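Student: need coordinates for the following:
(4 chains)
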Protein chains: 2
Amino acid sequence: MRPDDLPVIRELELFAGMAEDNFEEVMRPAYLQRFPPQVELIAEGDAADFLHVVVEGSVELFAHDNGRETTLAIIHPVATFILAAVLRDAPYLMSARTLAPSRILMIPSENVRAVFERDAEFARSIVQELSIRYRDMAKSLKNQKLRTSVERLANYLLREYEEQGTTGIVNLAIDKKTLAALLGMTPENLSRAFNTLAPYGVIVDGAKISLTKVPDLRQLAKPNPLTDDPGT
Amino acid sequence: MRPDDLPVIRELELFAGMAEDNFEEVMRPAYLQRFPPQVELIAEGDAADFLHVVVEGSVELFAHDNGRETTLAIIHPVATFILAAVLRDAPYLMSARTLAPSRILMIPSENVRAVFERDAEFARSIVQELSIRYRDMAKSLKNQKLRTSVERLANYLLREYEEQGTTGIVNLAIDKKTLAALLGMTPENLSRAFNTLAPYGVIVDGAKISLTKVPDLRQLAKPNPLTDDPGT
DNA sequence: CGACGATTTGAATAGGATCAATGGGAGTGG
DNA sequence: CCACTCCCATTGATCCTATTCAAATCGTCG
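Tutor: Modelled structure (predicted):
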């Protein structure tokens, strides 16, 4: 691990409050590795041997059932994933693959659990992180059950619009196939959903989406903090 | 609060390991209340003032968006709900209403958080509980995104079949309208889904469902522990 | 017995998925 | 630099799933 990576990880909310020697104990056996895109990091059903941290790049969480596949979340730096499985020492419920060239930190699960027992600040952070994850998952479920696919797309675009600085241009960070799976539809249907949004000022040019009538789009999407705002 | 209620709550996994005086501190300001059916206990958007424990009866967690409503979970005794909102001191993401006459224990959020800071065993239990909840939510999302409504119903029936002792008779504990919302469909569609399952040995008589061809039903449903098994 | 809500059934519609075919870059090799 | 290939994305046609609207039926409770 490069020495200048540690401070970045230290600043992760999950690790920020913990005692220095505990931090070192967690990190000593950890290793940081580079992966090309489309590498499967973990598979659902596997034992949760490592807590993963996306330091650079991006990671897709996906799952299978019945031969079908769906995307459950996209993880951007710097954030952890599969924390719950690690804490319960249970099989992963989702698989993960890199979307971009990525650097992933892997911390042996038992070290996470050991230090959790000992460091109250770390325990507190873990609870906060888990609570956020739980709530994000609840929001995803509401999004999926209460909205049509066009509404989900509209709300996704508005969220990206806010996060990317309300410039009127939204750049899709993931390809449309993956976006379709994330939004719970087929690629064909995503294409049609974009067309449906054209009258609301949504202009598609590859991965560059222009939003020219945000108020109209917002009226259609009816965004709701209790369904959309991530990380609260 | 009746004195003989405390031991039941003490046995809740969430409270089992904590020190006696901490348990008392959490419980002193708590109160246990009876509610008739269909009482709204909390509303999404409200501040999380109390951690709720279903001691008797049952509670439906539901949510709105866009004027639509859906059911996210049914809570049976003895279990907590809205733990994540309490821990983050954030607004509830879901509303809750009693389905049956119920007794609900309400613990002020700040007491939960205060004792959490102090009692490592309690912190550990909270993390386990939250992890389970997170994973259950992830399973629900997989269930919703990867299965058709007939498949969801079939898997629901098989789960109930197992939990009710594999007698061949499943009793629906909730009315069909609520079941439909839980499974993410309309009541009309639930009715039709039951008809679709008739060739697989599903016989409906009010709330009493007979399963006469469980192997056939299982073959259709293709249950998957990573999507179905609750509480792991 | 009558009223009301829950459930079921029917018919029409809408939302999405599937299948098939075409257009369009990005990267590769000549 | 250009042709070739491959994969992604789009479009069209059709099918299937699920919702909506309407009406009939059933059960339960006062």
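
Student: would you map out the domains in chain A?
Tutor: A:3-144, A:148-221 (automatic domain parsing).

Student: which of the ones you listed sits closest to chain B?
Tutor: Among the domains of chain A, domain A:3-144 comes nearest to chain B, with 4.0 Å by CB to the nearest CB. In this view, the C-beta of every residue, glycine as well, is placed from N, C-alpha and C.

Student: one step back: please convert the domains of chain A to JSON lines, extending it with mean neighbour count.
Tutor: Shown next, in JSON lines, are the domains of chain A (neighbours: other CB atoms under 10 Å in any protein chain shown):
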{"stretch": "domain A:3-144", "mean neighbour count": "18"}
{"stretch": "domain A:148-221", "mean neighbour count": "16"}
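
Student: out of the ones you listed, nearest to B:Asn224?
Tutor: When the domains of chain A are compared by CB to CB, domain A:3-144 sits nearest B:Asn224, at 5.5 Å.

Student: quick one: is the closest one near DNA strand D?
Tutor: No - using CB under 7 Å from any atom of the strand, domain A:3-144 never reaches DNA strand D; the gap is at least 8.6 Å.

Student: so how far is that domain from its chain's centroid?
Tutor: 10 Å (CA atoms, centre = their mean, to the nearest Å).

Student: ramachandran coordinates for the residue lying closest to A:Ala100 once chain neighbours are set aside?
Tutor: Distances taken as CB to CB, 6 or more residues apart in numbering or on different chains place A:Gly57 nearest to A:Ala100, at 4.4 Å, with adjacent residues excluded. Here is the backbone geometry of A:Gly57 (degrees, to the nearest 10): phi 100, psi -140.

Student: also A:Ser102?
Tutor: phi -140, psi 150.

Student: residues contacting the closest residue to it other than its chain neighbours?
Tutor: With sequence-adjacent residues excluded and distances taken as CB to CB, 6+ apart, A:Ser102 is closest to A:Gly57, at 2.5 Å. The neighbourhood of A:Gly57, defined by CB atoms under 8 Å, 6 or more residues apart in numbering or on different chains, consists of A:35, A:77, A:98-104.

Student: ditto for A:Lys142
Tutor: Counting by CB under 8 Å, 6+ apart, A:Lys142 has contacts A:226-227, B:63, B:65, B:70, B:72, B:93.

Student: where does chain A have its least confident helix or strand?
Tutor: Sorting the helices and strands of chain A by mean pLDDT, DSSP states H and E puts helix A:6-11 at the bottom, at a mean of 87.

Student: what's across from the spatially most central residue of chain A in the sheet?
Tutor: When CA atoms, centre = their mean is applied to chain A, the residue found nearest the centroid is A:Ile75 (2.8 Å). Under the criterion DSSP bridges, A:Ile75 forms beta bridges with A:Val59.

Student: pull the number of nearby residues for A:Gly231.
Tutor: When counting by other CB atoms under 10 Å in any protein chain shown, one arrives at 9 neighbours for A:Gly231.

Student: let's see the pLDDT reported for it.
Tutor: At A:Gly231, the model reports a pLDDT of 87.

Student: for it, grab phi and psi.
Tutor: Dihedral pair for A:Gly231: phi 70, psi 30, per degrees, to the nearest 10.

Student: contacts only, for it.
Tutor: Contacts of A:Gly231 (CB under 8 Å, 6+ apart): A:132, A:136.

Student: as a markdown table, the contacts of A:Lys142 with pLDDT, secondary structure and distance to A:Ile132 would be great.
Tutor: Supplementary listing: the contacts of A:Lys142 in a markdown table, determined by pLDDT from 0 to 100; DSSP: H, G, I helix; E, B strand; the rest coil; distance: CB to CB, whole Å:
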| residue | pLDDT | secondary structure | distance to A:Ile132 |
| --- | --- | --- | --- |
| A:Leu226 | 98 | helix | 14 |
| A:Thr227 | 98 | helix | 15 |
| B:Ala63 | 98 | strand | 18 |
| B:Asp65 | 95 | strand | 20 |
| B:Thr70 | 98 | strand | 22 |
| B:Leu72 | 98 | strand | 17 |
| B:Leu93 | 98 | coil | 12 |
